[in-house]
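Novice: Below: sequence and its predicted model.
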Amino acid sequence: MPAMMSPLTRIRVVLVEPTHPGNIGAAARAMKTMGLRSLALVRPHEFPCATATAMAAGADDLLVRAQVTDSLQAALGGCGWVIGTSARTRTIPWPVHDPREAAARALAMAEEAEIAVVFGREHAGLTNDELELCQAVVQIPSDPHFSSLNLGAAVQVLAYELRMQWLARQQSAAVATVNDAPPATSDDMARLYAHLEETMIETGFLDPAKPRRLMRRVRRLFNRAGLDRNEVNIIRGFLTAVRGKRGDGRGGTADQT
Ligand code: SAH
């Protein structure tokens with residue numbers, strides 16, 4: 001089943017001693033909307049609970065399958081990389097990452113290993129002992145004067161970044177398969193620019209006496225696009241057709257500006 005093959009399913013969300021069952025439900029909903037499936041709860045205050053189910057709003061299958069453990073260590077079983085999250089810039093001896101870079105690394109690692117993202121208690125976050133079980137600490141760059149997000153909201157931010165990374169990876173894989181022509185070489189590009197410049201002059205679009213920065217801008221545009229050989233041939237074919245048409249009696253020389 002393709003959904004189960006997604007590396008997102010190898011990323012586990014761990015909530016440590018959540019106090020409000022509503023937040024457990026909100027976290028499940030946040031996860032399911034972003035394609036995450038695996039939830040672990042360390043000593044939840046109250047669970048299972050009707051409030052959690054109501055707040056999950058259809059993501060209660062994640063609650064049913066949630067793993068409930070007595071210790072964070074047990075919830076991290078089998079994980080190859082563990083990210084802790086914290087609202088506070090304590091004098092942390094851990095490297096602090098933002099959600100985006102952590103998500104990129106998590107997705108890369110989830111190809112091979114189980115990953116955990118750990119969230120702390122509503123009132124007190126994670127203890128230093130718990131952070132010591134993490135390889136990296138992530139801080140959502142919130143306003144330093146009001147830095148603490150609701151637990152469910154923090155799960156949503158991380159889940160969203162993980163999904164965006166997953167989508168980006170899928171897209172680059174798709175581009176790699178569609179783009180089967182070899183990339184254009186610098187010689188191909190030099191010939192394309194010469195061809196473009198000649199055609200622009202010939203059609204009167206570019207005045208060689210006043211070139212301004214047009215060709216530089218055109219180069220910048222094509223460099224950004226990263227053309228392959230087929231694409232260069234399409235543009236050059238078009239330029240040849242334009243010049244042929246003009247040669248076929250439409251007249252016009254390069255002297256107009
Ligand atoms: N007063 C607590 C805040 C806890 S908020 C503290 O000082 O840490 C509950 C949990 O939500 C946090 O433990 C963390 O997992 C997550 N969280 C909230 N705001 C966050 C932020 N800005 N960056 C990263 N995680 C955050």
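Specialist: Nice, thanks for sending it over.
Novice: going forward, measure contacts and count neighbours with C-alpha atoms only.
Specialist: Will do.
Novice: Count residues in the vicinity of the residue nearest to Met200 when sequence neighbours are not counted, would you?
Specialist: Nearest non-adjacent residue to Met200, counting by CA to CA, 6 or more residues apart in numbering: Leu206, 5.2 Å away. Other residues lying near Leu206 total 21 when counted by other CA atoms under 10 Å.
Novice: and Leu206, what pLDDT?
Specialist: Leu206 is assigned 90 on the pLDDT scale.
Novice: Who are the contact partners of Glu122?
Specialist: Residues near Glu122 by CA atoms under 8 Å, 6 or more residues apart in numbering: Pro18, Thr19, Asn150, Leu151.
Novice: Show the end-to-end separation of stretch 109-125, please.
Specialist: Criterion CA to CA, to the nearest Å; first-to-last residue distance in stretch 109-125 is 25 Å.
Novice: Can you list the buried residues in that stretch?
Specialist: Neighbour counts over stretch 109-125 (16 or more other CA atoms under 10 Å) mark 109-110, 113-122, 125 as buried.
Novice: swap in stretch 14-22?
Specialist: Val14, Leu15, Val16, Glu17, Pro18, Thr19, His20, Pro21, Gly22.
Novice: want to try JSON lines for the buried residues of stretch 109-125, with pLDDT and distance to Leu239 as columns?
Specialist: Formatted as JSON lines, the buried residues of stretch 109-125 follow (pLDDT from 0 to 100; distance: CA to CA, whole Å):
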{"residue": "Met109", "pLDDT": "94", "distance to Leu239": "46"}
{"residue": "Ala110", "pLDDT": "95", "distance to Leu239": "47"}
{"residue": "Ala113", "pLDDT": "92", "distance to Leu239": "51"}
{"residue": "Glu114", "pLDDT": "95", "distance to Leu239": "53"}
{"residue": "Ile115", "pLDDT": "97", "distance to Leu239": "52"}
{"residue": "Ala116", "pLDDT": "98", "distance to Leu239": "54"}
{"residue": "Val117", "pLDDT": "98", "distance to Leu239": "54"}
{"residue": "Val118", "pLDDT": "98", "distance to Leu239": "57"}
{"residue": "Phe119", "pLDDT": "98", "distance to Leu239": "58"}
{"residue": "Gly120", "pLDDT": "98", "distance to Leu239": "61"}
{"residue": "Arg121", "pLDDT": "98", "distance to Leu239": "64"}
{"residue": "Glu122", "pLDDT": "98", "distance to Leu239": "64"}
{"residue": "Gly125", "pLDDT": "96", "distance to Leu239": "63"}
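Novice: Nearest to Arg43 among those residues?
Specialist: Closest to Arg43 out of the buried residues of stretch 109-125 is Arg121 (10.7 Å), distances taken as CA to CA.
Novice: my read: the closest one touches Val16, true?
Specialist: Yes. If you go by CA atoms under 8 Å, Arg121 and Val16 touch, sitting 5.9 Å apart.
Novice: contacting residues for the residue nearest to Ser148 when sequence neighbours are not counted?
Specialist: In space, and not counting its chain neighbours, Ser148 is closest to Ala87: 5.2 Å by CA to CA, 6+ apart. With contact set as CA under 8 Å, 6+ apart, Ala87 has these partners: Gly125, Gln139, Ile140, Ser147, Ser148, Leu149.
Novice: Does Pro208 belong to a helix, a strand or coil?
Specialist: coil (DSSP: H, G, I helix; E, B strand; the rest coil).
Novice: rewinding a little: out of the buried residues of stretch 109-125, which are close to the ligand?
Specialist: Phe119, Gly120, Arg121, Glu122, Gly125 (CA under 6 Å from any ligand atom).
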